[in-house]
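Novice: how would this look folded up:
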Amino acid sequence: MKVFFIVATIAGLITAPAMAAEASLEERVQSLLVSFQEDYGFPGATLAYVLPDGTVGDAAVGHADVETGIRMTPQTRMLAASIGKTVVGALVLSLENDGALNRSDLVSAHLGDLPWFDRLPNASEITVGQLLTHTSGLPDHVHMDGVVQEMINWGNRGHFGPEDAIAFILDETPLFAAGDAWSYTDTGYLLLGLVVEATTGRDYYGLVDERFVLPLGLTQTSPSTSPNLTGLAVGYTAADNPFGLPARTMDDGGTLLWNPAIEWTGGGLISTSHDLAKWGHALFSGTALQAPYLDRLLGGVSVHPDAPGIFYGSGVAIYTETESGPVYGHGGWIPGYVSSLRHYADPEITVAFQINSDVGIVDDSTDLIQALEAAVADLLVVEIFGGTHHGYYLPHESPNDLAVCLFSFPSWADYEDYRKKSLTDSECQKAHQFAEDMDCIKRYDRHFLRPLEMKDCVHDHLREPDTAF
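Specialist: Residues are numbered from 1 along each chain as shown. Below you'll find the model as predicted:
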């Protein structure tokens, strides 16, 4: 379903002072996640990261079921939504390695015999690669008026297959000529699922298990093909959501009040943050397939002329111009659940998190996802590059270096505690006062939820790069 991946506030590579009382990296990530739950009030969340040496860390906060008091744990599963597109992309590349298909193939070569195929927009011109990169010119059925509500209703009444969803765009006008532009479309990924099954004569999920889930030990990942999914957290949505669902999207017996099978290869997986982080780390480090594939995975197209540095590859979003270097990943939304997967290529750190609420996501009234992505990236990049594994230093070379010391703590409370105990008359104390005087802290939130904007605010008020405060 719809993905909110074109939101990337990636925190810069910064240095930080030694903490007065050291905490483990996992404890600091846990503290950060707790602070976000306190600030945003979501029911629960899980988060996992993989470091360059393969170390995996986990965090969890809040409730998997608010009404019964069941706590969220790292083993709690949620719907991964469009992060499943990374799996579709990898599977297509795997089949290309086998010689079963090619990204340059016309889709008509695989599906042209279907009775409805010629009614697709751009039917005779679309290639497999254009479906992968969202450059087919196909409309997105998910964003057509009333379609999601109708799909939920159909799914509750019984079988609703991918061809039923594709039918919504038949005879529609193409958005553009195939290959001429970019527009996100779940419909294209349903077609990819049909191409995979037509080419191999195999079930899509069987191929995913055989090639990825089992070899990579993704033990908590499985198809989301039923309203009854073991270990699934309750998903919560807004009371006035456009889908006609109650705010609690699961009944008391643990059954979803809608059928996630309608998503199929638009996403189609239930997983944990732990498994998603492991998957992303394998995928983006080049070890998910036996034959080389990263050049094809990351050979992206620009999503828009006004968005330089943002591309879309084979089921992955690509950000080439961040202060942390290249970043790859995908996000996902589905009623009641939001997920994020990000891989920071230079330090080779992968982060995934899942939240069992989509309140504020559909109407874009919250910055929770991009803020948490930025804060976690900041913490983990600093942890690897800001000094020793659990110790930091405060540089004194320039005011710019001094200013960034403000933005290196997981929460305002951590910074204040350090400042009061250890920074009397210090350079960082002067940086704090300068930022306060320039209104940077008040403007950009006490929890450092937008560290880049805060840092830029401070830097904008520094008249000369080498002057003192």
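Novice: where does the residue nearest to Arg202 when sequence neighbours are not counted fall, secondary structure wise?
Specialist: Nearest non-adjacent residue to Arg202, counting by CB to CB, 6 or more residues apart in numbering: Val196, 7.9 Å away. C-beta coordinates here come from the backbone N, C-alpha and C atoms, glycine included. Taking DSSP states H and E as the criterion, Val196 maps to helix 186-200.
Novice: which strands and helices sit next to that helix?
Specialist: Helix 186-200 is packed against helix 84-98, helix 108-111, helix 128-133, helix 162-166, helix 204-208, with contacts defined by 3 or more CB pairs under 8 Å, 6 or more residues apart in numbering; DSSP states H and E.
Novice: you'd agree Ala64 is up against Pro74?
Specialist: No - counting by CB atoms under 8 Å, Ala64 does not reach Pro74; the two are 11.2 Å apart.
Novice: more neighbours, these two?
Specialist: The neighbour comparison of Ala64 against Pro74 (other CB atoms under 10 Å) goes to Ala64, with 24 against 16.
Novice: quick one: the strands in this protein, in order.
Specialist: 44-50, 56-65, 70-71, 78-79, 222-223, 269-271, 301-302, 310-312, 317-319, 327-334, 337-344, 349-355, 387-388, 391-392 (DSSP state E).
Novice: got the angle between the first one and strand 337-344?
Specialist: Going back to what we said before, that points to strand 44-50. 20 degrees (axes from the mean of the first three to the mean of the last three CA atoms, to 10 degrees).
Novice: again, but for the second one
Specialist: Strand 56-65 runs at 170 degrees relative to strand 337-344, counting by the same axes, to 10 degrees.
Novice: partner strands of strand 56-65, parallel or antiparallel?
Specialist: As defined by DSSP bridges, the strand partners of strand 56-65 come to strand 44-50 (antiparallel), strand 70-71 (antiparallel).
Novice: among these, which comes closest to Val29?
Specialist: Between Val29 and these, the shortest separation by CB to CB is 6.4 Å, and it involves strand 44-50.
Novice: show me which residues of that closest one are buried.
Specialist: Neighbour-count burial for strand 44-50 flags Gly44, Ala45, Thr46, Leu47, Ala48, Tyr49, Val50 (criterion: 16 or more other CB atoms under 10 Å).
Novice: now swap in stretch 117-131 and tell me
Specialist: For stretch 117-131, by 16+ other CB under 10 Å, it's Phe117, Leu120, Pro121, Asn122, Ala123, Glu125, Ile126, Thr127, Val128, Gly129, Gln130, Leu131.
Novice: so which of those is the closest to Thr68?
Specialist: Nearest to Thr68 out of the buried residues of stretch 117-131 is Leu131 (CB to CB; 42.0 Å).
Novice: tell me the contacts of the closest residue to Val107 other than its chain neighbours?
Specialist: Leaving out its chain neighbours, the residue that sits closest to Val107 by CB to CB, 6+ apart is Ile126, at 4.7 Å. If a contact means CB atoms under 8 Å, 6 or more residues apart in numbering, then Ile126 has Leu106, Val107, Ser108, Leu120, Ser136, Gly137, Leu138, Ala178 as its contacts.
Novice: so which of those residues is the closest to Lys278?
Specialist: Lys278 lies nearest to Ser136 out of those, by CB to CB, at 30.8 Å.
Novice: the closest residue to Gly244 other than its chain neighbours: how many residues sit nearby?
Specialist: Spatial nearest neighbour of Gly244, chain neighbours left out: Gln149 (5.8 Å); criterion: CB to CB, 6+ apart. When neighbours are defined as other CB under 10 Å, Gln149 has 14 of them.
Novice: now swap in the one 4 residues further on and tell me
Specialist: Around Asn153 there are 14 other residues, counting by other CB under 10 Å.
Novice: repeat that for Leu232.
Specialist: As a burial measure, Leu232 scores 24 neighbours (other CB under 10 Å).
Novice: what about the nearest residue to it once chain neighbours are set aside, distance to Ala377?
Specialist: With sequence-adjacent residues excluded and distances taken as CB to CB, 6+ apart, Leu232 is closest to Arg77, at 5.3 Å. Distance, Arg77 to Ala377, by CB to CB, to the nearest Å: 24 Å.
Novice: which of the two has more neighbours?
Specialist: Shown here are Arg77 and Ala377; by other CB under 10 Å, Ala377 has more neighbours (27 against 24).
Novice: right, and that one touches Ser324 too?
Specialist: Yes - applying CB under 8 Å as the test, Ala377 and Ser324 come out as touching, 6.1 Å apart.
Novice: run through this structure and note the low-pLDDT ranges.
Specialist: The model of the chain has pLDDT under 70 over residues 1-22, 155-158, 382-469.
Novice: would you map out the domains in this structure?
Specialist: Per automatic domain parsing, the structural domains of the chain span 1-393, 394-460.
Novice: pick the most deeply packed of those.
Specialist: With neighbours taken as mean count of other CB atoms under 10 Å, the domains of the chain reach their highest mean count in domain 1-393, at a mean of 20.
Novice: now find how far off-centre that domain is within its chain.
Specialist: On the basis of CA atoms, centre = their mean, to the nearest Å, domain 1-393 sits 6 Å off its chain's mean C-alpha point.
Novice: can you redo the strands of the chain as JSON lines with distance to Ser365?
Specialist: Shown next, in JSON lines, are these (distance: least, CB to CB, whole Å):
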{"stretch": "strand 44-50", "distance to Ser365": "18"}
{"stretch": "strand 56-65", "distance to Ser365": "20"}
{"stretch": "strand 70-71", "distance to Ser365": "27"}
{"stretch": "strand 78-79", "distance to Ser365": "21"}
{"stretch": "strand 222-223", "distance to Ser365": "32"}
{"stretch": "strand 269-271", "distance to Ser365": "27"}
{"stretch": "strand 301-302", "distance to Ser365": "28"}
{"stretch": "strand 310-312", "distance to Ser365": "23"}
{"stretch": "strand 317-319", "distance to Ser365": "22"}
{"stretch": "strand 327-334", "distance to Ser365": "14"}
{"stretch": "strand 337-344", "distance to Ser365": "13"}
{"stretch": "strand 349-355", "distance to Ser365": "15"}
{"stretch": "strand 387-388", "distance to Ser365": "38"}
{"stretch": "strand 391-392", "distance to Ser365": "35"}
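Novice: one step back: got the helices and strands packed on helix 186-200 as a markdown table, with distance to Gly244 columns?
Specialist: Conversion of these to a markdown table gives the following (distance: least, CB to CB, whole Å):
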| stretch | distance to Gly244 |
| --- | --- |
| helix 84-98 | 24 |
| helix 108-111 | 33 |
| helix 128-133 | 30 |
| helix 162-166 | 18 |
| helix 204-208 | 28 |
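Novice: nearest to Pro246, of those helices?
Specialist: Going by CB to CB, the one of the helices and strands packed on helix 186-200 nearest Pro246 is helix 162-166, 23.5 Å.
Novice: which residues does the closest one contact?
Specialist: Helix 162-166 has contacts (CB under 8 Å, 6+ apart) with 114, 116, 120, 141, 151, 154, 186-187, 190-191, 193-194, 262, 264-265.
Novice: one step back: from the contacts of Ile126, pick the one nearest Ile355.
Specialist: Nearest to Ile355, judged by CB to CB, of the contacts of Ile126 is Leu138 at 29.5 Å.
Novice: so what's that closest one up against?
Specialist: Leu138 touches Leu120, Pro121, Asn122, Ile126, Ile169, Pro174, Leu175, Ser183, Thr185, Thr187, Gly188, Leu191, counting by CB under 8 Å, 6+ apart.
Novice: that'll do, ta.
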